[in-house]
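Undergrad: no sequence on this one, just coordinates:
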């Protein structure tokens, strides 16, 4: 049925209001009162109007009024409109009259600005706005795939989607109602034919990906396109936005901040994901405890080896010191063969001797490379 678009009144214009602003079972006497536009809300189709209260003639009221209670802007325009609409009645076949839309018609730019509204977080931004020519869904998906290292054109994605629909017709046939499935697939293969949720599902299953679709109507209208309608942490996620328009739909490529994306995806996690997380955390704690115990054992073993090495070194140094004292006192006893000691013991002894001049004679009985130290 055709629609009559409602005129968008500007701020400061003088309008006529139908009063009272309510619908009851008992018909009430309606009055037409003047008012001035102070502001408007396109999303809710309301105007903020300043008008006189009928009960108190001297009081002015500021209130939000729906479009259905607003007439033409002036009385003269209202008379002209009535003369134009009035036509002589002819005995002809009845035709359906245009239906008046009690809302403000929103443009494409208005829908894009909805993402900057207070109802949405500031971390959502449009990064690519394709032309609304019927290929916007495939253009937005192709733009998002570039961030994942997959470069496909909109024509290629449309072709792959239709091929997937042909191959998996047993699954998708149940979702097509207004035409036969073969007619739908052949229409989707044509250029500039609007893609719908079915083609999104086909592409995500074809590439084994997930796609979150942001809606300007609120978070409750946001949906996730995946294999089982749940979020899988192992699969990549694409992010697009869907804007309803007067003659169809439009898709754009959007970017979400990481914390906002995680918050949105948490709505689509599986119900038993918390149990799985707790089980994984328990397993992680158990493995961490085992690693901690192994680390304790390795540290204890290392400390024991170091203690044993220090004891051996101390014994060797004490015996060498005793031999030096006996040498000075003229007592001739069999000394230790320095060359037979382990290399790391010899190095420790040499370092110790360098700090004490009384042991310099030991260097004369060692190899040449020790003398150079």
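TA: The structure has been received and is ready for your questions. As the structure is a prediction and not an experimental result, all values here were calculated from the model. Numbers count the residues shown, from 1 in each chain.
Undergrad: Helices of the protein, start to end?
TA: 75-85, 108-113, 136-146, 154-167, 169-172, 181-188, 197-207, 258-265, 273-328, 343-354, 368-371 (DSSP state H).
Undergrad: Show me what the fifth one is packed up against.
TA: Think helix 169-172. Here helix 169-172 touches helix 181-188, helix 197-207, going by 3 or more CB pairs under 8 Å, 6 or more residues apart in numbering; DSSP states H and E. (C-beta placed from N, C-alpha, C; glycine too.)
Undergrad: give me that answer again for 6 Å
TA: If you count contacts as 3 or more CB pairs under 6 Å, 6 or more residues apart in numbering; DSSP states H and E, helix 169-172 packs onto no helix or strand.
Undergrad: mean confidence score for that helix?
TA: Mean pLDDT, computed over helix 169-172, is 90.
Undergrad: buried ones in it?
TA: The neighbour-count check on helix 169-172 (16 or more other CB atoms under 10 Å) flags residue 172 as buried.
Undergrad: Give me the below-cutoff pLDDT ranges for the stretch 201-350 of the chain.
TA: Within the stretch 201-350 of the chain, the ranges that satisfy pLDDT under 70 run 245-248, 272-300, 312-313, 316-317, 320-340.
Undergrad: any idea how far residue 159 is from residue 237?
TA: To residue 159, residue 237 is 24 Å away according to CB to CB, to the nearest Å.
Undergrad: Same question for residue 235.
TA: 23 Å.
Undergrad: who has more neighbours, residue 237 and residue 159?
TA: Neighbour count, other CB atoms under 10 Å: between residue 237 and residue 159, residue 237 has more, with 19 against 14.
Undergrad: Surely that one and residue 208 touch.
TA: No - with contact defined as CB atoms under 6 Å, residue 237 does not reach residue 208; the gap is 12.0 Å.
Undergrad: and the top strand by length along the chain, which strands flank it?
TA: Ranked by number of residues, the top strand in the chain under DSSP state E is strand 31-41. Each strand paired with strand 31-41, and its direction, by DSSP bridges: strand 14-19 (antiparallel), strand 46-52 (antiparallel).
Undergrad: And the contacts of that strand?
TA: 9, 11, 13-17, 19, 47-51 (CB atoms under 6 Å, 6 or more residues apart in numbering).
Undergrad: Could you dump the strands paired with strand 31-41 into TSV and include mean neighbour count, distance to residue 148 and mean pLDDT?
TA: Shown next, in TSV, are these (neighbours: other CB atoms under 10 Å; distance: least, CB to CB, whole Å; pLDDT from 0 to 100):
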stretch	mean neighbour count	distance to residue 148	mean pLDDT
strand 14-19	17	52	81
strand 46-52	18	42	87
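Undergrad: Save these as JSON lines, and put in distance to residue 135 too.
TA: Formatted as JSON lines, the strands paired with strand 31-41 follow (distance: least, CB to CB, whole Å):
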{"stretch": "strand 14-19", "distance to residue 135": "41"}
{"stretch": "strand 46-52", "distance to residue 135": "35"}
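Undergrad: Compare those and give me the one nearest residue 201.
TA: Closest to residue 201 of those is strand 46-52 (CB to CB; 36.6 Å).
Undergrad: Can you pull the domain assignment for the protein?
TA: 3-85, 108-270, 279-371 (automatic domain parsing).
Undergrad: can you count the residues close to residue 151?
TA: Counted with other CB under 10 Å, residue 151 comes out at 9.
Undergrad: residue contacts, it?
TA: By CB under 6 Å, 6+ apart, residue 151 lies in contact with nothing.
Undergrad: Can you give the contact residues for stretch 188-204?
TA: Residues from elsewhere that reach stretch 188-204 (CB under 6 Å, 6+ apart): 133, 134, 137, 161, 162, 164, 165, 175, 187, 211, 225, 248.
Undergrad: Any idea which of these the model trusts least?
TA: Confidence by pLDDT is poorest for residue 248 among the contacts of stretch 188-204, given 50.
Undergrad: Tell me which residues touch residue 209, please.
TA: Contacts for residue 209 (CB under 6 Å, 6+ apart) come out as 235, 236.
Undergrad: From residue 186, how far out is it?
TA: 26 Å.
Undergrad: Residue 52 too?
TA: Distance, residue 52 to residue 186, using CB to CB: 62 Å.
Undergrad: Give me the neighbour count for the closest residue to residue 49 other than its chain neighbours.
TA: Among residues not flanking residue 49 along the chain, residue 35 sits closest, at 4.3 Å (CB to CB, 6 or more residues apart in numbering). Residue 35 has 23 neighbours, counted by other CB under 10 Å.
Undergrad: Residues in a beta bridge with residue 35, which ones?
TA: residue 15, residue 51.
Undergrad: May I have the predicted confidence score for it?
TA: pLDDT, residue 35: 86.
Undergrad: so how far is residue 10 from it?
TA: 14 Å.
Undergrad: Over to residue 56?
TA: In terms of CB to CB, residue 56 sits 28 Å off from residue 10.
Undergrad: And the strands paired with strand 31-41: which comes nearest residue 241?
TA: Residue 241 sits nearest to strand 46-52 of all the strands paired with strand 31-41, at 24.4 Å, using CB to CB.
Undergrad: Name the residues that touch that closest one?
TA: Against strand 46-52 from outside (CB under 6 Å, 6+ apart): 17, 33, 35-40, 60-62, 64-66.
Undergrad: ok, 10 Å please
TA: Contacts to strand 46-52, defined as CB atoms under 10 Å, 6 or more residues apart in numbering, come from residues 8-9, 11, 13, 15-17, 19, 21, 33-41, 58-67, 69-70, 103-104.
Undergrad: With stretch 227-237 instead?
TA: Under CB under 10 Å, 6+ apart, the answer for stretch 227-237 is 144-145, 147-150, 201, 204-205, 207-212, 223-224, 226, 256, 261-262, 264-271, 273.
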